[in-house]
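1. Could you look at this predicted model? Sequence included:
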Amino acid sequence: MKFIDEYRDADAARKYSELIHNITTKNWNIMEVCGGQTHAIVKFGLDELLPSGIRLIHGPGCPVCVTSLELIDKSIEIASNPNVIFCSFGDMLRVPGSKKDLLQVKAEGGDVRMMYSPLDAIKIAKDNPGKEVVFFAVGFETTAPANAMAVYQAKEQGIKNFSILVSHVLVPPAMEAILSSKENLVQGFLAAGHVCAVMGYNEYYPIAEKYKVPVVVTGFEPLDILQGIHMCVKQLEEGRHEVENQYSRAVNKEGNLNAQNIVSRVFKVGTRKWRGIGEIPDSGLVLQDEFIEYDASLKFGLADLVVEEPKECISGIILQGIKKPNECEAFGKICTPEHPLGATMVSSEGACAAYYRYRIKP
Amino acid sequence: MKEFNLQCPIPISDYPRVLLAHGGGGKLMHNLIEKMFSAAFSNDILQQDHDSVQIQIDSAKIAYTTDSYVVKPIFFPGGDIGSLAVNGTVNDLSMSGAVPKYLSLGLIIEEGFAMNHLWLVVQSIALAAGAAGVKIATGDTKVVDKGKGDGIFINTSGIGLIEHNLNISPKNIQNGDVIIINGDIGRHGIAIMAEREGLEFEHTIESDCAPLNEIVQNIINAGIDVHCLRDLTRGGLSSTLNELASSSLKEIIIDEISVPVHEDVRGACEILGFDPMYVANEGKFIAIVPAKDAAKCLEVMIAHQYGADSSIIGRINSADEAIVKLKSRIGTMRILDMLSGEQLPRIC
């Protein structure tokens, strides 16, 4: 298939593997930020092609995994309301809340619908004026523009029975939180290509400078990732810490300005609680005051709900790359996709799910 | 009543209610079948663990199976619930190497269902039965209250005659056997998904819904020592292979590059975040045959209209461990696991 097979070519992959072997003289820890990259690495076994001294650390870039238990419980509370049509991306439906997940709410009679676009939820709101339609606005900078557009259109069209449960998170603050942690192991980053397609990569220059780490904007196909690793290792070996762009076929420095405009029109930066990590200041998006009537958390009186996370799941440590999924005591034993302890075992981008699905069981 | 108060084998604390995934063809469904149904009905015939069971009645050997069809939308590119209900049961019988003969037809219709749609479905059933050479021998009709059904549900059961002396069963899979598929995977699932969700692609992706009795008979008539046959349905190629690995206790090695996937299906899967290995099929099967017969079997399959794109996709390894491994496109090795529930489209 054109534009796919070229990036999955076995010969080219071997060549890149050789190039990386040739330039590597020391041990390096490189974090791929995005869960999509983690899955490609594990699915294609890319780490098997690397020198033993290169350790890939799986980053926090899985929106499903970092959504706090609190927000999952809020979504379940709202979805259980008989007057609500609850709309969500498919990924979120199986994430365990404190007591159950959204699929169980559906089995109990809740109207929970899987969507591909928040704009479809607007249409449902128009078609069901007697119901409250709530969209679970999850994601990094990648999904923010479409979610912002849905709220913007709802306001433009005077649709009152629509709201979003905002759970947006931002990549750069998470990278900073990891780098400033005492336990940090990360020496270089593969930045998330799709996030950069929206945001560009200007925001990474201060991070690369302040923490002296190379940042390589990287795509998602096997060759993208191998090339990204090669660029990152080359910088590390040469003692450089620059921002480079491997994914130039999709990303430019400024990003998608139209998308950024609608995001900043509807959302502003605010504090966000990350699952397993805790609160990170200025690490999320919240609705601007002008659009606050579309905040489902306020509309359903759940703004003050606080939920503590269980202790046995170490997803926070996994998400910071301090431990690998198979180093968790519960992995594959009491924690499986059928009985997940945390979201990293559920999401199609979660590191634990990737290890469970593609690696031999412990 | 005390003696009937047996503990439910699926802990209620885990799943107090049935989820969609309990019928999705993945691990949850297999758990339900194994722990609840198989345990409750345990008998020698059920233990055959195959798409259709073989029953000996005096000198006649017959194959017997049943399946229910709840597909939505009921009309989709490449087929409809009627042709699906016939072909699905015909194919289950064919996987025993049987010649399908008679089908029963049970209709559960929702009050208010359009009569012309019913007529279209019935015509489609007649057409598919004619094409597969089976008779609709008996039937039943029930109508449920408006809102208590979803348009129309169909159940078919079927009987076929087993005229060969082969042992076609997962338990007969041997080390070194070769796995052949009769064409590209994932078309039915993507056709349904596209129709259901209103997704449009450059070309309409049509379901692969087709009867497989003739191509299977051609293989048997060619004198091939077939060890196992299995059609791929809901859970896709991956679930089928995992089922076979666990019932045969064999290690299966699949070569990703040799598994045919139509361009449009690959494209759709890339967009939706699906893996074609887990997407549903309705006209695909795998034949597991000894290496010595593989070339001939492939030749016979390619000669048939429902096997033109047949391909050898893997083999049974000598390690006696129930596992499916996939040699990836770039040459690395990983496991090909069974899905836990349904595949869910990803966020980004």
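-> Here it is on my side, so go on.

2. Kindly check the end-to-end length of stretch B:154-170 for me.
-> 28 Å (C-alpha to C-alpha, to the nearest Å).

3. Distance from it to the middle of the chain?
-> 14 Å (C-alpha atoms, centre = their mean, to the nearest Å).

4. List the buried residues for that stretch?
-> For stretch B:154-170, burial by neighbour count (16 or more other C-beta atoms under 10 Å in any protein chain shown) applies to B:154-160, B:162, B:166, B:168-170. Placement of C-beta: from N, CA and C, glycine included.

5. Quick check: the farthest pair among those?
-> Comparing all pairs in the buried residues of stretch B:154-170 by C-beta to C-beta, the longest separation belongs to B:Ile154 and B:Leu166, at 31.0 Å.

6. quick one: average pLDDT of the host helix or strand of A:Lys210?
-> Assigned by DSSP states H and E, A:Lys210 falls within helix A:204-211. Averaged over helix A:204-211, pLDDT sits at 98.

7. What is the helix or strand that it is followed by packed up against?
-> Per DSSP H and E, the first helix or strand lying C-terminal to helix A:204-211 is strand A:215-218. If contacts are counted by 3 or more C-beta pairs under 8 Å, 6 or more residues apart in numbering or on different chains; DSSP states H and E, strand A:215-218 sits against strand A:188-192, helix A:193-199, helix A:204-211, helix A:222-238, strand A:243-245.

8. so which of these comes closest to A:Leu103?
-> Using C-beta to C-beta, the helices and strands packed on strand A:215-218 put helix A:193-199 closest to A:Leu103, at 26.3 Å.

9. Remind me what that closest one packs against, helices and strands.
-> Using 3+ C-beta pairs under 8 Å, 6+ apart: helix A:193-199 touches strand A:28-34, strand A:215-218, helix A:257-266.

10. Now do that helix: distance to the chain's middle.
-> Distance of helix A:193-199 from the chain centroid (C-alpha atoms, centre = their mean) equals 12 Å.

11. Tell me which residue of chain B lies closest to chain A.
-> As assessed by C-beta to the nearest C-beta, chain A sits closest to B:Thr332 within chain B, at 2.9 Å.

12. burial count for that residue?
-> Look at B:Thr332: counted by other C-beta atoms under 10 Å in any protein chain shown, it has 20 neighbours.

13. Contact residues of the stretch 151-300 of chain B facing chain A?
-> Residues of the stretch 151-300 of chain B lying close to chain A by C-beta under 8 Å from any C-beta of the partner chain are B:197, B:199, B:263, B:266-267, B:270, B:273.

14. Helices - which of those residues land there?
-> Using DSSP state H, the subset of these located in helices is B:197, B:263, B:266-267, B:270.

15. show me the contacts for A:Gly284.
-> A:166-170, A:269-272 (C-beta atoms under 8 Å, 6 or more residues apart in numbering or on different chains).

16. can you rerun that using 6 Å?
-> A:168-169, A:270, A:272 (C-beta atoms under 6 Å, 6 or more residues apart in numbering or on different chains).

17. For the longest strand anywhere in chain A, buried residues please.
-> Longest strand in chain A, counting residues (DSSP state E): strand A:278-287. Neighbour-count burial for strand A:278-287, with 16+ other C-beta under 10 Å as criterion, is recorded at A:280, A:283-287.

18. list the buried ones in the helix or strand following it?
-> Downstream of strand A:278-287, the next assigned helix or strand under DSSP H and E is helix A:296-299. For helix A:296-299, the neighbour count (16+ other C-beta under 10 Å) marks A:296-297, A:299 as buried.

19. can you check stretch A:173-182 too?
-> A:173-179.

20. roughly how far apart are the most far-flung residue of chain A relative to its centre and A:Ile78?
-> Ranked by distance from the centre of chain A (C-alpha atoms, centre = their mean), the top residue is A:Gly130, with 33.8 Å. Distance, A:Gly130 to A:Ile78, by C-beta to C-beta, to the nearest Å: 17 Å.

21. what do you get for B:Leu272?
-> B:Leu272 is 26 Å from A:Ile78, by C-beta to C-beta.

22. Show the contacting residues for the residue in chain A that chain B sits nearest to.
-> With C-beta to the nearest C-beta, the shortest gap between chain A and chain B falls at A:Gly45, namely 2.9 Å. By C-beta under 6 Å, 6+ apart, the residues touching A:Gly45 are B:332, B:334.

23. low pLDDT regions in the stretch 51-200 of chain A?
-> By pLDDT under 70, the stretch 51-200 of chain A contains no weakly predicted segment.

24. Up against chain B, what does it have?
-> The stretch 51-200 of chain A comes close to chain B at residues A:63, A:89-91, A:103, A:107, A:139, A:142-143, as judged by C-beta under 6 Å from any C-beta of the partner chain.

25. Could you identify the buried members of the residues you listed?
-> Buried members of those, counted by 16+ other C-beta under 10 Å: A:63, A:89-91, A:103, A:107, A:139, A:142-143.

26. Against which helices or strands is the worst-scoring helix or strand of chain B on mean pLDDT packed?
-> Lowest by mean pLDDT, DSSP states H and E among the helices and strands of chain B is helix B:27-32, with a mean of 83. In this structure, helix B:27-32 makes packing contacts with no helix or strand, judged by 3 or more C-beta pairs under 6 Å, 6 or more residues apart in numbering or on different chains; DSSP states H and E.

27. Count the neighbours of the nearest residue to B:Asp309 once chain neighbours are set aside for me.
-> Excluding its sequence neighbours, the residue lying closest to B:Asp309 (C-beta to C-beta, 6 or more residues apart in numbering or on different chains) is B:Gly183, at 4.1 Å. Counted with other C-beta under 10 Å, the neighbours of B:Gly183 add up to 21.

28. same question, B:Arg196
-> Per other C-beta under 10 Å, the neighbour tally for B:Arg196 reads 12.

29. sorry, back to before: which two of the buried ones among the residues of the stretch 51-200 of chain A next to chain B have the greatest separation?
-> Every pair of these checked by C-beta to C-beta; the farthest is A:Ala107 and A:Thr142, at 30.1 Å.

30. which stretches of the stretch 1-150 of chain A form strands?
-> Here the stretch 1-150 of chain A has its strands, by DSSP state E, counting those that start in this stretch, at A:28-34, A:54-61, A:84-89, A:111-115, A:132-139.

31. Could you verify my assumption that B:Asn172 touches B:Leu229?
-> No: using C-beta atoms under 6 Å, B:Asn172 is not in contact with B:Leu229, being 10.6 Å away.

32. Tell me how many other residues surround residue 232.
-> The chain I'm using is chain A. A:Cys232 has 27 neighbours, counted by other C-beta under 10 Å.

33. wrong chain, I was asking about chain B
-> The burial count for B:Leu232: 27, using other C-beta under 10 Å.

34. you'd agree B:Val178 is up against B:Ala291?
-> Yes: the pair B:Val178 / B:Ala291 is scored as a contact, 5.2 Å apart, by C-beta under 6 Å.

35. Between these two, point out the one with more neighbours.
-> Between B:Val178 and B:Ala291, counted using other C-beta under 10 Å, the more crowded position is B:Val178 (21 against 13).

36. Report pLDDT for the closest residue to that one other than its chain neighbours.
-> Sequence neighbours aside, B:Ala294 is the residue nearest to B:Val178 in space, at 4.0 Å (criterion: C-beta to C-beta, 6+ apart). pLDDT, B:Ala294: 98.

37. before we move on, what about B:Glu3?
-> Looking at B:Glu3, the pLDDT reads 40.

38. Just give me the neighbour total for residue 85.
-> If you meant another chain, say so; for now it's chain A. 22.

39. right idea, wrong chain: chain B
-> 28.

40. Check whether it really touches B:Thr156, as I assumed.
-> Yes: if you go by C-beta under 6 Å, B:Ala85 and B:Thr156 touch, sitting 4.9 Å apart.

41. which residues are contacting the helix or strand encompassing B:Cys297?
-> Secondary-structure assignment from DSSP H and E places B:Cys297 in helix B:291-303. Applying C-beta under 6 Å, 6+ apart, the set of residues contacting helix B:291-303 from outside is B:176, B:178, B:180, B:182, B:218-219, B:222, B:224-225, B:287, B:289, B:307, B:310.

42. Done for today, thanks.
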